[in-house]
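Trainee: Pasted the sequence and its predicted model underneath.
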Amino acid sequence: MKLLDIVGRLSELDEADTIYVSEPWTENSDAMVAPQPEGALVPAEAAKEGLTYFLEIHIAIEVTEGWVASLKEKPSLSAVCERLIYYATYDA
């Protein structure tokens, strides 16, 4: 699964889960959604795939909704993905 696919399905995902993504983070990076393990930042399955912590689903939804509400037009899925990458890189 790619990060773009996950971003397109944010509203369908469990808000308690976390997004893990391969670096460098782009919309086409390999990604997965999984519960964050207790005592570790990355679940073993994600680490095995070379994925790193990106954002929790509830934070990704909050950031996306807040940003989209400030715009006059609905952004493309690619634009939303870029905004989340920016947030995860500089603001999280």
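Mentor: Yep, that arrived. It should be emphasised that the depicted structure is a prediction, and the values quoted were computed from it without experimental measurement.
Trainee: And the strands in the protein, which stretches?
Mentor: 18-22, 31-34, 51-56 (DSSP state E).
Trainee: Present the ones you listed as CSV; the columns should include mean pLDDT.
Mentor: Output for these, formatted as CSV (pLDDT from 0 to 100):
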stretch, mean pLDDT
strand 18-22, 98
strand 31-34, 98
strand 51-56, 96
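Trainee: Just send those strands back as TSV, with mean neighbour count and distance to residue 76 too.
Mentor: Using the backbone N, CA and C atoms, a C-beta is placed for each residue, glycine as well. Converted to TSV, the strands of the chain look like this (neighbours: other CB atoms under 10 Å; distance: least, CB to CB, whole Å):
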stretch	mean neighbour count	distance to residue 76
strand 18-22	23	19
strand 31-34	19	18
strand 51-56	19	19
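Trainee: TSV for the ones you listed, including distance to residue 5?
Mentor: Formatted as TSV, these follow (distance: least, CB to CB, whole Å):
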stretch	distance to residue 5
strand 18-22	11
strand 31-34	7
strand 51-56	13
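Trainee: Those: which one's closest to residue 2?
Mentor: Residue 2 lies closest to strand 31-34 among the strands of the chain, at 6.1 Å (CB to CB).
Trainee: can you give me the offset of the closest one from its chain's centre?
Mentor: Centroid separation between strand 31-34 and its chain, computed with CA atoms, centre = their mean, to the nearest Å, is 8 Å.
Trainee: Can you give the contact residues for that strand?
Mentor: Under the contact criterion CB atoms under 8 Å, 6 or more residues apart in numbering, strand 31-34 has outside partners 1-3, 5-6, 13-14, 17-22, 43, 45-46, 49, 51, 54, 57.
Trainee: 7 Å instead?
Mentor: The contact list for strand 31-34 (CB atoms under 7 Å, 6 or more residues apart in numbering) reads 1-3, 6, 13, 17-21, 43, 45-46, 49, 51, 57.
Trainee: repeat for stretch 59-67
Mentor: 10, 15, 19, 80, 83-84, 87.
Trainee: need the helices for the chain, in chain order.
Mentor: 3-8, 44-48, 57-69, 77-86 (DSSP state H).
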